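Participant: Sequence first, predicted coordinates after that:
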Amino acid sequence: MVWMTLFHFCFDLQHFGYLQANFYSDPFWTLQRSAIVSLFVFCAGFSQAAAVHQGQSAARFFRRWRQIALCAALVTIGSYLMYPQSFIYFGILHGIALMLLVVRAWGNWSAGKNTFTLVAFGALAIALPVFAGRAHAMWGALEVFNAPALNWIGFISRKPVTEDYAPLLPWIGVMFWGLAAGQWCVGARPQWLQSHISKPLAWLGRWSLSYYMLHQLVMIGALSLFVWLR
């Protein structure tokens with residue numbers, strides 16, 4: 001959460017002209033974005049293993065899932081108002097909402113079982129996009145996966161124009177790995193689930209969705225006020 005905040009603050013500085021940076025092609029920024037998303041998705045998978053282990057009810061899961069889905073819709077609306085040519089139609093919240101449905105079902109089925117299958121499917125999901133470009137070059141019919149109606153799958157040969165993009169592939173592979181790590185942890189190292197982090201960081205973890213939705217509004221609002229006062 002802290003890393004994401006610093007990253008977004010730099011992005012906002014660039015938006016207002018106080019920082020010269022290319023967040024779309026410079027590896028310094030694109031690799032950070034990939035690392036931050038990986039941490040988000042991995043932790044989401046890990047938390048599902050803990051939730052299943054602790055007997056979280058389906059009603060409670062879907063109550064939280066509806067909150068994520070609603071926030072994803074709000075992100076789409078807000079980004080369209082700010083970036084109409086590159087608004088977010090399948091960003092990290094959209095991706096997590098879809099992936100959680102798959103991972104939750106798999107977690108219920110695989111709880112207590114060998115996690116090797118999860119690790120293998122996770123590796124496959126991460127590897128598939130690497131070969132997408134070559135597959136597209138060989139079979140022109142695969143161009144359909146570049147269209148907005150299907151590019152959420154992630155088997156694409158070119159990235160769509162959007163401010164945030166977190167397709168099913170490869171990210172569900174990272175969530176599978178998070179689920180596998182969580183299942184191993186609750187079985188072999190349950191003591192690791194006890195929180196030993198500082199209270200402020202623990203608070204961010206408990207209110208991660210609310211913080212995610214509000215932090216950019218606060219930072220953009222503060223920078224807008226600063227520009228206006230100048």
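Facilitator: Thanks, I have it.
Participant: Below-threshold pLDDT in the protein: ranges please.
Facilitator: Residues of the chain meeting the criterion pLDDT under 70: 109-114, 192, 195-198.
Participant: what's around Met219, how many residues?
Facilitator: Met219: 16 surrounding residues under other C-beta atoms under 10 Å. Yep, even glycine has a C-beta here, placed from its N, CA and C like the rest.
Participant: helices or strands next to whichever strand or helix holds it in the packing?
Facilitator: According to DSSP states H and E, Met219 maps onto helix 208-229. For helix 208-229, the elements it packs on are helix 2-15, helix 58-82, judged by 3 or more C-beta pairs under 8 Å, 6 or more residues apart in numbering; DSSP states H and E.
Participant: any idea whether Pro129 is helix, strand or coil?
Facilitator: Under DSSP: H, G, I helix; E, B strand; the rest coil, the three-state class of Pro129 is helix.
Participant: residue contacts, it?
Facilitator: Contacts for Pro129 were tallied using C-beta atoms under 8 Å, 6 or more residues apart in numbering; they are Gly154, Phe155, Ile156, Leu169, Pro170.
Participant: you'd agree the third one is up against Phe145?
Facilitator: Yes - here Ile156 reaches Phe145: they are 5.7 Å apart, a contact under C-beta atoms under 8 Å.
Participant: thinking again about what came up before, which one of the contacts of Pro129 is nearest His53?
Facilitator: Taking C-beta to C-beta as the measure, His53 lies nearest Pro170 of these, at 25.9 Å.
Participant: Find the centremost residue of the protein, please.
Facilitator: Nearest to the geometric centre of the chain sits Ile92, at 3.6 Å (C-alpha atoms, centre = their mean).
Participant: Pull the contacting residues for that one.
Facilitator: By C-beta under 8 Å, 6+ apart, the residues touching Ile92 are Val37, Phe40, Val41, Asp164, Ala166.
Participant: and what of Cys185?
Facilitator: Going by C-beta under 8 Å, 6+ apart, Cys185 touches Phe46, Ala49, Ala50, Trp192, Leu193.
Participant: how close does it sit to Gly173?
Facilitator: Cys185 is 19 Å from Gly173, where distance means C-beta to C-beta, to the nearest Å.
Participant: same deal with Leu204?
Facilitator: 26 Å.
Participant: Neighbour count for those two, which is higher?
Facilitator: Counted by other C-beta under 10 Å, Leu204 and Gly173 do not tie: Gly173 has more neighbours, with 25 against 19.
Participant: Let's verify the more buried one: helix, strand, or coil?
Facilitator: With three-state DSSP as the basis, Gly173 sits in helix.
Participant: circling back to that earlier point, and the helices and strands packed on helix 208-229 as JSON lines, adding distance to Val227 and mean neighbour count?
Facilitator: Below are the helices and strands packed on helix 208-229 laid out as JSON lines (distance: least, C-beta to C-beta, whole Å; neighbours: other C-beta atoms under 10 Å):
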{"stretch": "helix 2-15", "distance to Val227": "11", "mean neighbour count": "15"}
{"stretch": "helix 58-82", "distance to Val227": "15", "mean neighbour count": "14"}
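Participant: For those, give me TSV that also has distance to Thr115.
Facilitator: Compiled in TSV, the helices and strands packed on helix 208-229 are given as follows (distance: least, C-beta to C-beta, whole Å):
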stretch	distance to Thr115
helix 2-15	27
helix 58-82	21
